[in-house]
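>>> heads up, no residue letters with this:
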């Protein structure tokens, strides 16, 4: 997932029990990564992607992730669409940036493709079979949020207050060690050490979609990994990052991408339309937020 994962527990002096809880939570991330990564051809996801128009039996984690991705697709009326794997590969992003720089395709990769038909995957829950349809799927747009959701749920069942954080996605449950709420800094995209705001969260999740790290050049143009599913090209003109607060980390991750792809011209209208608690940073450094976000913000940069 190209992210540092941290788990913070509150309310237990039993070191052995706490260590077991942390190991269980971290194990969720390893399982999601192993089964849902697009960077390993032997993963459950990529075996299904090899012939997406056929039925495949996949592990329960991959099955649940694909079901969740389809639910997000339907809930956002297709604004979130994971069928961008071929587009990412065409733009040169075919390997994890932790091991290799993106490729250097020619200018043809910058031509928008035609919109895809409606996504109509099929699922057989009894046998964990999936039929993805004619187009390959990338779960990078929701997988980290799901891993945070599932890891947090494991800690919930063990009765811990906690913070699970993976890159820009986290879930804060119960009281923080020294306050009623957890304080979460929202990074400035061009300077992670200089936050633009601080949020106070309890029993809530937050996710950020940003192009700070995953940028590269194609035929002299800077591109990034947040693709408009309607064109297969990088979207979000005028925005550097969008942060969303929600009850669920996968929902927050989904909506942060949807709002990012609305671009500078559409992000405020979209956030108001969907009632989303969102904060966004424009490429010129300006910061704005939706009305629903104000109740979570305890500090903003001047």
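Cool, the structure landed. As the structure is a computational prediction, the values presented were derived from the model and not from experiment.
>>> Could you tell me which residues make contact with residue 295?
residue 277 (Cβ atoms under 8 Å, 6 or more residues apart in numbering). Every residue, glycine included, has its C-beta placed from N, CA and C.
>>> To which secondary structure element type does it belong?
At residue 295 the chain is in helix, as set by DSSP: H, G, I helix; E, B strand; the rest coil.
>>> Straight-line length of stretch 129-142, end to end?
Stretch 129-142 has an end-to-end distance of 20 Å (criterion: Cα to Cα, to the nearest Å).
>>> Now do the buried residues in it.
Residues 129, 130, 132, 133, 135, 136, 137, 138, 139, 140, 141, 142 are the ones in stretch 129-142 that count as buried (16 or more other Cβ atoms under 10 Å).
>>> wouldn't residue 8 be in contact with residue 170 here?
No: in this structure, residue 8 is not within contact of residue 170 by Cβ atoms under 8 Å, at 9.8 Å.
>>> More neighbours: the two, which one.
The neighbour count for residue 8 versus residue 170, taken as other Cβ atoms under 10 Å, is higher for residue 170 (25 against 17).
>>> Spit out the residues that contact residue 8 and residue 170 alike.
In contact with both residue 8 and residue 170: 163, 164, using Cβ under 8 Å, 6+ apart.
>>> Run a quick neighbour tally on residue 286.
12.
>>> What residues does residue 134 make contact with?
52, 53 are the contacts of residue 134 under Cβ under 8 Å, 6+ apart.
>>> From residue 79, how far out is it?
Look at residue 134 and residue 79: by Cβ to Cβ, to the nearest Å, they are 20 Å apart.
>>> before we move on, the earlier item: can you tell me which of the buried residues of stretch 129-142 is nearest residue 103?
Of all those, residue 103 sits closest to residue 138, with 16.2 Å by Cβ to Cβ.
>>> What sits closest to that closest one if chain neighbours are left out?
Distances taken as Cβ to Cβ, 6 or more residues apart in numbering put residue 85 closest to residue 138, at 4.1 Å, once the chain neighbours are dropped.
>>> Correct me if wrong: that neighbour contacts residue 50.
No: shown here, residue 85 and residue 50 do not form a contact pair, counting by Cβ under 8 Å, at 11.3 Å.
>>> So the two - more neighbours on which side?
residue 85 (22 against 11).
>>> Just the pLDDT for that one.
Note on residue 85: pLDDT of 97.
>>> contacting residues around it?
38, 49, 135, 136, 137, 138.
>>> Just to be sure, the fifth one is in a helix?
Meaning residue 137. No: membership of residue 137 in a helix is not supported by three-state DSSP, which gives coil.
>>> any idea how far residue 297 is from it?
Computed as Cβ to Cβ, the residue 137 to residue 297 distance reads 35 Å.
>>> The last one now?
Distance of residue 138 to residue 297, given as Cβ to Cβ: 32 Å.
>>> for the lengthiest helix in the chain, the distance to its chain's centre please.
In the chain, taking DSSP state H as the definition, the longest helix is helix 15-36. On the basis of Cα atoms, centre = their mean, to the nearest Å, helix 15-36 sits 19 Å off its chain's mean C-alpha point.
>>> Now do the same for that helix: mean pLDDT, whole number.
96.
>>> what's the answer for stretch 39-54, then?
97.
>>> Stretch 255-267 now?
The model assigns stretch 255-267 a mean pLDDT of 98.
>>> Need the residues that contact it.
76, 79-80, 141, 207-209, 226, 228, 235-239, 241-244, 246, 269-271, 274, 276, 278, 280, 282-283.
>>> again, only this time at 7 Å
Residues from elsewhere that reach stretch 255-267 (Cβ atoms under 7 Å, 6 or more residues apart in numbering): 76, 79-80, 141, 207-209, 226, 228, 235-239, 242-244, 246, 270-271, 274, 276, 278, 280, 282.
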